[in-house]
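J.: When you get a sec, could you give me coordinates for this:
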Amino acid sequence: MSEPYTSDQEQQVYDALFSGNKIIAIKLHREFTGEGLKESKDFIEALERDLRRESPGRFSHLGNRRGCIGVLVLAIGIAVVMLA
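T.: Residues are numbered from 1 along each chain as shown. Next comes the predicted model:
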């Protein structure tokens, strides 16, 4: 890391990871440190592995399901239109 995070910046990165937003965490890391994309991605992935090992319960269980609700609503909408 080019320069250390402030405690607020660290919390923002952790919150993004815990809620399943790895891309946001990478963007924040790049913004806070000035590092490149590859270095930031590698850092955040290593940090995520460590956090998952240390605090698995803090991670959102819905992080990978964000698109499922939209697809479900769309499918129901199509079914309603077809049956009408």
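J.: what stretches of the chain score poorly on pLDDT?
T.: Applying pLDDT under 70 to the chain flags residues 1-3, 61-67.
J.: switch to 80 and redo it
T.: Scanning the chain for pLDDT under 80 picks out 1-4, 61-72, 84.
J.: where along it do the helices fall?
T.: Using DSSP state H, the helices of the chain run over residues 7-18, 22-33, 37-54, 66-83.
J.: Those helices: which one's closest to Ser60?
T.: Closest approach to Ser60 among the helices of the chain (C-beta to C-beta): helix 7-18, 6.4 Å. (Glycine included, C-beta is placed from N, CA and C.)
J.: quick one: the closest one to helix 37-54, angle?
T.: With axes from the mean of the first three to the mean of the last three C-alpha atoms, to 10 degrees defining the directions, helix 7-18 sits at 80 degrees from helix 37-54.
J.: neighbouring contacts of helix 7-18?
T.: For helix 7-18, contacts defined as C-beta atoms under 8 Å, 6 or more residues apart in numbering pick out 5, 22, 24-25, 28-29, 32, 44, 47-48, 51, 58-60.
J.: Could you list the buried residues of it?
T.: By neighbour count on 16 or more other C-beta atoms under 10 Å, the buried set for helix 7-18 is 9, 12-14, 16-18.
J.: Against Ser60, how distant is the residue nearest the centre of the chain?
T.: Centroid-nearest residue in the chain: Asn21, 1.1 Å away (criterion: C-alpha atoms, centre = their mean). Separation of Asn21 from Ser60 (C-beta to C-beta, to the nearest Å) stands at 9 Å.
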